[in-house]
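**Student:** Sequence first, then the predicted structure:
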Amino acid sequence: MRSFAEATAVTAVRDGVHSSTLDREWSIGKNPHGGYMMALLTKAALATADRTHPLAVSAHFLRSPEIGEVELRTERVKRGRLFSTVHARLVQGGKSCIEATVTAGEISDAAHEWEAAQQPPIKPLDECDDHRPPVDGGLLDHLNLRLDPQSTAFLRGETSAEDRVRGWMELTDGTDFDPLSLIVAVDLLPPTVFGLGHTGWCPTVELTYQLRALPAPGPVAGYTSCDAVSQDGWFNEDAAVYDSRGRLVAQSRQLALSGNALESR
């Protein structure tokens, strides 16, 4: 099994161009995981920015690439005293699959000066349901995902009034989450619309990630929620990730399309 670091390895080809290979092990079925691809593209952007941390990443998913070789094309558009901005594209077969803007800088390990709310409740990890299938061969072989039982009505074929999915996450390679792998964490929990009776693949159209603090060692807890689902199947999904100290370390918001809507078109 290839670790997250191995699966996100990039090779500099020339200024503004890196090469990499989308890893089958970091996919869901035939589709490379969106957060994984976004982290890979962000890694190349950080090299171009010559900065340490991805403070914010906004990515638009234009088409789903296949497992295999890709080019990561980057252009620094601003070099500031506190942050740099890079435009980045994941290209396969001459076509852009993901386009992103990455704001890169450095963030300290100090505690937040102020937080609006404390970490929401969640059952202890050992009381949460193991969401990994017996045989997967993909993304969930690399992540120990444990869902709070109150979030798993959809697994029993039930709908639920619970408006938040919550669960614990650990990397199975023994490493701890870092600012790059947290991009996978914000996009890992099952879609919130599953609890409303929606099923199937829910493709992400746009996802914005924000790094809020450097995560402490240990598992992280994720929470996702949805404000509305349109008649056409469009929905938002907001995510917050807390580290083992109960500190907010990452947030995201994405626009996605429900599987039910795709099947009806």
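**Tutor:** Perfect, thanks for sending it. Numbering: from 1, shown residues only.
**Student:** Okay, helices next: where are they in the stretch 51-200 of the chain?
**Tutor:** Assigned by DSSP state H, counting those that start in this stretch, the helices in the stretch 51-200 of the chain fall at 182-185.
**Student:** isn't residue 88 right next to residue 44, touching?
**Tutor:** Yes - Residue 88 lies in contact with residue 44 (C-beta atoms under 8 Å); the separation is 6.3 Å. C-beta: built from backbone N, CA, C; applies to glycine.
**Student:** and the gap between the residue nearest to residue 34 when sequence neighbours are not counted and residue 19?
**Tutor:** Closest residue to residue 34 in three dimensions, ignoring its sequence neighbours and counting by C-beta to C-beta, 6 or more residues apart in numbering: residue 204, at 4.8 Å. In this view, residue 204 and residue 19 are 24 Å apart by C-beta to C-beta, to the nearest Å.
**Student:** higher neighbour count, the two?
**Tutor:** For residue 204 versus residue 19, neighbours defined as other C-beta atoms under 10 Å are more numerous around residue 204 (20 against 14).
**Student:** Next one: the more buried one from residue 215, what distance?
**Tutor:** Separation of residue 204 from residue 215 (C-beta to C-beta) stands at 22 Å.
**Student:** per the record, what domains does the protein have?
**Tutor:** Domain assignment for the chain, taken from automatic domain parsing, gives 4-105, 125-263.
**Student:** what would those look like in a markdown table with mean pLDDT?
**Tutor:** Below are the domains of the chain laid out as a markdown table (pLDDT from 0 to 100):
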| stretch | mean pLDDT |
| --- | --- |
| domain 4-105 | 96 |
| domain 125-263 | 88 |
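**Student:** Redo those as TSV? Include distance to residue 114.
**Tutor:** Listed next are those as TSV, based on distance: least, C-beta to C-beta, whole Å:
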stretch	distance to residue 114
domain 4-105	18
domain 125-263	11
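**Student:** out of those domains, nearest to residue 113?
**Tutor:** Evaluated over those, closeness to residue 113 peaks at domain 125-263, with 11.2 Å, by C-beta to C-beta.
**Student:** Quick one: distance of the closest one to the chain centre.
**Tutor:** Centroid separation between domain 125-263 and its chain, computed with C-alpha atoms, centre = their mean, to the nearest Å, is 8 Å.
**Student:** quick one: common contacting residues for residue 88 and residue 44?
**Tutor:** Both residue 88 and residue 44 are contacted by 72, 74, under the criterion C-beta atoms under 8 Å, 6 or more residues apart in numbering.
**Student:** Look at the closest residue to residue 3 other than its chain neighbours and say how many residues are nearby.
**Tutor:** Nearest residue to residue 3 in three dimensions, chain neighbours excluded: residue 173, at 4.1 Å (C-beta to C-beta, 6+ apart). Using other C-beta under 10 Å, residue 173 has 14 other residues around it.
**Student:** swap in residue 221?
**Tutor:** Residue 221 has 24 neighbours, counted by other C-beta under 10 Å.
**Student:** Quick one: closest of the domains of the chain to residue 111.
**Tutor:** Comparison of the domains of the chain against residue 111 by C-beta to C-beta identifies domain 125-263 as nearest, at 6.9 Å.
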